[in-house]
Structure formats: C-alpha cells, structure tokens
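Participant: sequence unknown, structure follows:
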C-alpha cells in the first residue's frame with residue numbers, strides 16, 4: 001500500500017456502535033469488529049456522523065419506515081448533524097486525503113441505500129419490514145440521511161460510492177460477499193484488479 005494514498009471513509013455511527021440500531025436491525029458486533037479491523041489495518045481514517053434516529057428519538061424508539069422520517073423537521077435535524085462531518089471531509093480533502101466511499105446500513109429508513117417497497121402496518125403507514133417478493137419496477141429510494149448526505153456531497157462536487165452494511169446477513173450470504181467485494185474495490189483499487197472474488201478479508 002502506498003503511503004501517499006491517504007484514505008478516509010464516511011460511515012453511519014451504528015457501524016461503530018451497534019447499540020444505536022433499532023432492535024429489528026440487530027446489533028451484530030462481530031461484523032462491526034470485522035469492518036473496523038479491516039479499515040484500521042489499511043490505515044483508513046473514519047468520519048462518522050451521530051445516529052439521526054437516536055439523537056431525535058432516543059434508544060427506546062419503535063421501528064419505523066422511511067415514510068415516518070420523511071418530514072421537514074427530521075430532514076433539518078439530519079442537515080444539522082452533518083455540518084461538522086462535512087467540514088471534516090472538506091479539511092481532509094484539502095490536505096490531499098482520498099474520500100473512498102460512504103457506508104450506510106441495509107434496510108435502515110435513514111441510512112440505507114436501497115429502500116424499496118415495505119409492508120404496511122396496522123396504522124396504514126409504512127412498516128420497516130420489506131415485502132417478501134418486491135416488484136423489480138418498484139421505486140428504490142435512499143434513506144433520509146443518506147439522501148441528504150448525497151446532496152451535501154454534491155454541493156462539494158464529490159461523487160463517491162454508497163455501500164450498504166449487511167448487518168442481518170450470515171457470513172456465507174451473497175450480500176456479505178458482495179459488500180466486501182465492493183468495499184475492497186474502493187479501498188484497495190490497485191490490489192483488487194485480477195483477484196478472485198472473496199467474502200470478508202482475512
């Protein structure tokens with residue numbers, strides 16, 4: 001690894017502190033430990049923003065869908081939380097660091113990247129549980145925080161990959177394998193070329 005390739009990454013807070021997650025998304029500390037070890041071993045600096053759901057609703061919040069968070073007040077809360085992390089991104093880039101990617105949380109209504117059609121609960125509002133057989137033509141949206149982050153990065157003319165952390169998947173799952181492949185492509189672009197597909201890094 002070249003010492004000149006100074007890397008940083010933007011991540012959701014729950015990737016470092018799984019206790020922030022609403023209970024149905026699971027904590028999965030081993031996967032977070034695996035991710036942190038991988039980033040630290042490759043000298044990747046981590047910038048995280050405070051969990052928007054926890055800071056708005058606390059730890060005892062009920063699971064909700066994207067629909068419930070899609071309001072003016074929560075969006076303004078997310079923008080406020082991103083102010084310092086975005087200043088840090090600008091400062092690191094000014095000093096020749098490479099922003100590699102953003103990692104959100106799969107099926108999070110705020111920090112997910114591919115939020116599709118979800119079940120409706122008894123109150124006729126969106127449930128956090130996705131439908132079992134989604135229509136491929138259904139619209140796919142980012143979580144509210146991920147969407148706002150994309151807008152803020154766009155203001156800085158920064159285009160980076162947005163990845164999803166598969167916290168609920170087993171180690172052997174195709175989603176876990178695909179996640180590690182995508183992450184290694186952006187963290188180790190030179191070393192990845194020509195390598196065979198792998199799951200989590202050793």
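Facilitator: Perfect, thanks for sending it. Note that the structure is predicted; figures quoted are calculated from it, not measured.
Participant: quick check: next helix or strand after the longest strand seen in the chain?
Facilitator: Using DSSP state E, we find that the single longest strand of the chain is strand 98-105. Of the helices and strands lying after strand 98-105 in sequence (DSSP states H and E), the nearest is strand 118-120.
Participant: show me what the next helix or strand after that following strand is packed up against.
Facilitator: Next helix or strand after strand 118-120 toward the C-terminus (DSSP H and E): strand 126-130. Applying 3 or more C-beta pairs under 8 Å, 6 or more residues apart in numbering; DSSP states H and E, one finds that strand 126-130 contacts helix 66-69, strand 118-120. (Glycine included, C-beta is placed from N, CA and C.)
Participant: quick one on the thing from earlier: the longest strand of the chain - what's its average pLDDT?
Facilitator: The average pLDDT within strand 98-105 is 97.
Participant: for that strand, the distance to its chain's centre please.
Facilitator: 7 Å (C-alpha atoms, centre = their mean, to the nearest Å).
Participant: same thing with stretch 42-61?
Facilitator: On C-alpha atoms, centre = their mean, the centre of stretch 42-61 falls 10 Å from that of its chain.
Participant: can you list the residues that contact that stretch?
Facilitator: 1, 6-17, 19-20, 22, 36, 39, 69, 74, 77-78, 81-82, 85, 88-89, 92, 97, 100, 110-111, 144-145, 149, 187-188 (C-beta atoms under 8 Å, 6 or more residues apart in numbering).
Participant: ends of that stretch, what's the gap?
Facilitator: Stretch 42-61 has its terminal residues 36 Å apart, counting by C-alpha to C-alpha, to the nearest Å.
Participant: burial of residue 10, as a residue count?
Facilitator: A count of nearby residues for residue 10, using other C-beta atoms under 10 Å, gives 24.
Participant: what is the helix or strand harbouring it packed up against?
Facilitator: Residue 10 belongs to strand 7-12 when assigned by DSSP H and E. Helices and strands touching strand 7-12, by 3+ C-beta pairs under 8 Å, 6+ apart, are strand 44-49, helix 72-94, strand 98-105.
Participant: let me know the average pLDDT across whatever helix or strand comes next after it.
Facilitator: Using DSSP H and E, the helix or strand that directly follows strand 7-12 along the chain is helix 29-41. The average pLDDT within helix 29-41 is 94.
Participant: and if you look at stretch 169-179?
Facilitator: Averaged across stretch 169-179, pLDDT comes to 92.
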